[in-house]
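> sequence unavailable; structure follows:
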């Protein structure tokens with residue numbers, strides 16, 4: 001019993017808190033944009049299933065908290081059944097029904113009769129809210145704790161490694177990667193990890209002179225405390241830092257916002273770069289993760305804060321800080337994934353709106369419905385594949401096999 005409680009507190013509760021925060025802000029983006037344009041809204045729900053808590057605000061919106069805390073949604077008036085994928089005939093029938101039931105002044109309050117640009121903004125507002133959440137969280141953490149920066153100095157080069165073959169030497173200070181300035185060793189490590197098999201141009205300071213060298217990281221499977229087994233690019237360099245290599249950076253509110261924007265952009269550009277390599281077949285697809293991986297990562301960052309805390313108070317601070325940082329990264333990923341042009345995702349709606357803008361009429365309801373079915377199948381297939389990867393990466397099948405061997 002105590003073991004279950006500890007697992008719940010370490011893995012399940014942090015995962016649900018992180019997911020609820022990210023998804024609620026996403027749906028709140030849709031909600032606030034719709035409210036701004038006067039769209040009639042029936043319900044704002046956090047979670048699914050039977051309602052644990054409901055109430056109505058002055059505008060008639062039902063707010064609901066469901067007992068299954070795995071997401072949420074906004075239901076706009078008229079957004080149900082065939083009306084969810086309307087063509088021109090459906091829209092005409094919907095208009096006649098609204099006129100009969102509520103009168104002509106009510107037509108303009110329904111999402112499907114709003115101008116195309118307003119509908120597009122409402123759909124895009126969800127992912128935008130995710131990006132803004134990430135900026136706010138990164139900025140708050142930067143202002144509260146600052147950054148401890150480790151100089152990008154190479155203190156060790158492994159023999160016969162890609163770094164040794166490239167000519168990198170102990171004592172080199174990396175100042176740029178592929179022409180992009182770097183000022184901490186962690187940035188160098190992240191850049192290298194994502195570029196297995198990709199030549200990297202290193203600009204280093206050596207003995208007062210600037211030298212350019214090219215090294216190609218090799219693929220190596222490593223065990224990461226947070227993500228489990230991963231295949232990453234490895235160059236064969238290390239940084240055994242001296243105290244003089246560390247510096248602490250503090251931020252005022254304006255600087256913190258700038259830092260939040262920079263970190264959000266870094267996460268987004270890294271995600272896009274990685275998926276681009278994945279589509280091109282340059283990295284193995286077994287590195288994709290899903291819900292189980294997210295739950296495991298949220299638990300690991302929680303446990304890391306608990307292990308590092310000298311006192312109970314610092315443990316609470318560490319857990320909150322780690323989970324907020326993880327939430328920011330996850331929020332960027334969810335915002336980006338929702339912009340992919342796949343029906344059932346926000347990007348799919350924007351794709352249909354783009355067609356409507358060009359053709360001057362909505363795509364046929366049957367084609368839209370078929371697109372949603374295909375999109376849903378792709379999404380479910382991706383989730384199953386990602387879950388399989390999570391189970392493999394966390395050695396679940398190996399563990400189960402050991403129980404029966």
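Received it, and whenever you're ready, just let me know what you need. Model, not experiment: these values are computed from the prediction.
> hey, where'd the strands end up in the chain?
In the chain, the strands defined using DSSP state E lie at 41-56, 62-76, 147-150, 156-157, 173-177, 180-181, 200-206, 209-215, 218-224, 228-234, 237-238, 246-249.
> return the most buried member of these.
Of all the strands of the chain, strand 237-238 carries the top mean neighbour count, a mean of 22, counting by mean count of other C-beta atoms under 10 Å. From N, CA and C alone the C-beta is placed, and that goes for glycine too.
> tell me what that strand is packed against?
In terms of contacts (3 or more C-beta pairs under 8 Å, 6 or more residues apart in numbering; DSSP states H and E), strand 237-238 is packed against strand 156-157.
> just checking, what packs against the strand it packs on?
Counting by 3+ C-beta pairs under 8 Å, 6+ apart, the packing neighbours recorded for strand 156-157 are strand 237-238.
> in its sheet, which strands sit next to the strand it packs on, and in what direction?
Paired with strand 237-238 in the same sheet, following DSSP bridges, are strand 156-157 (antiparallel).
> chain center to the partner strand: distance?
Between the centre of strand 156-157 and the centre of its host chain there is 34 Å, according to C-alpha atoms, centre = their mean, to the nearest Å.
> give the rounded mean pLDDT of that strand.
The pLDDT scores in strand 156-157 average 92.
> what sits up against that strand?
163-164, 168-170, 236-240 (C-beta atoms under 8 Å, 6 or more residues apart in numbering).
> list the contacts for residue 342?
348, 375, 378-379.
> quick one on the thing from earlier: check the contacts of strand 156-157 and tell me the two furthest apart.
Spanning the widest gap among the contacts of strand 156-157 are 164 and 240, at 16.8 Å by C-beta to C-beta.
> quick one on the thing from earlier: residue 147: which of the contacts of strand 156-157 is nearest?
Distances from residue 147 to these, taken as C-beta to C-beta, are shortest for residue 239 (16.2 Å).
> what about the closest one, distance to residue 155?
According to C-beta to C-beta, to the nearest Å, residue 239 and residue 155 sit 5 Å apart.
> neighbour count winner among those two?
Neighbour tally, residue 239 and residue 155, criterion other C-beta atoms under 10 Å: the higher count belongs to residue 239, 19 against 15.
> wait, the more buried one sits on residue 185?
Yes: counting by C-beta atoms under 8 Å, residue 185 is a contact partner of residue 239 at 4.5 Å.
> wait, what's in contact with residue 196?
Contacts of residue 196 were listed using C-beta under 8 Å, 6+ apart, and they are 217-220, 231-234, 283.
> would JSON lines of those residues with distance to residue 332 be doable?
JSON lines is the format used below for those (distance: C-beta to C-beta, whole Å):
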{"residue": "217", "distance to residue 332": "24"}
{"residue": "218", "distance to residue 332": "28"}
{"residue": "219", "distance to residue 332": "25"}
{"residue": "220", "distance to residue 332": "26"}
{"residue": "231", "distance to residue 332": "22"}
{"residue": "232", "distance to residue 332": "20"}
{"residue": "233", "distance to residue 332": "22"}
{"residue": "234", "distance to residue 332": "25"}
{"residue": "283", "distance to residue 332": "19"}
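> least confident pick among those residues?
For the contacts of residue 196, the pLDDT minimum is residue 283, 73.
> could you report the pLDDT at the nearest residue to that residue once chain neighbours are set aside?
In space, and not counting its chain neighbours, residue 283 is closest to residue 277: 4.8 Å by C-beta to C-beta, 6 or more residues apart in numbering. With respect to pLDDT, residue 277 scores 83.
> give me the number of residues near residue 277?
Residue 277 has 16 neighbours, counted by other C-beta under 10 Å.
> show me where the stretch 201-350 of the chain dips below the pLDDT cut-off.
For the stretch 201-350 of the chain, the stretches flagged by pLDDT under 70 are 224-228, 241, 285-287, 309.
> mind doing that once more with 90?
Within the stretch 201-350 of the chain, the stretches with pLDDT under 90 are 207-208, 219-233, 238-247, 270-271, 273-322, 343-344.
> does residue 69 really touch residue 47, like I thought?
Yes: Residue 69 lies in contact with residue 47 (C-beta under 8 Å); the separation is 4.6 Å.
> common neighbours of the two, please.
residue 20.
> just the buried ones from the contacts of strand 156-157?
By neighbour count, with 16 or more other C-beta atoms under 10 Å, those hold 163-164, 168-169, 236-237, 239 as buried.
> switch those over to a markdown table; also include distance to residue 34.
Listed next are these as a markdown table, based on distance: C-beta to C-beta, whole Å:
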| residue | distance to residue 34 |
| --- | --- |
| 163 | 53 |
| 164 | 58 |
| 168 | 54 |
| 169 | 59 |
| 236 | 53 |
| 237 | 51 |
| 239 | 49 |
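> looking at the residues you listed, spot the one nearest residue 193.
Closest approach to residue 193 among these (C-beta to C-beta): residue 237, at 11.9 Å.
> show me the beta-bridge partners of that closest one.
Residue 237 has these beta-bridge partners by DSSP bridges: residue 157.
> and what of residue 233?
Assessed by DSSP bridges, residue 233 has beta-bridge partners residue 219.
> mutual contacts of residue 239 and residue 185, please.
Between them, residue 239 and residue 185 share the contacting residues 150, 152-153, judged by C-beta under 8 Å, 6+ apart.
> how many neighbours does residue 208 have?
Neighbour count of residue 208, defined by other C-beta under 10 Å: 5.
> residue 125 too?
If you count neighbours by other C-beta under 10 Å, residue 125 ends up with 22.
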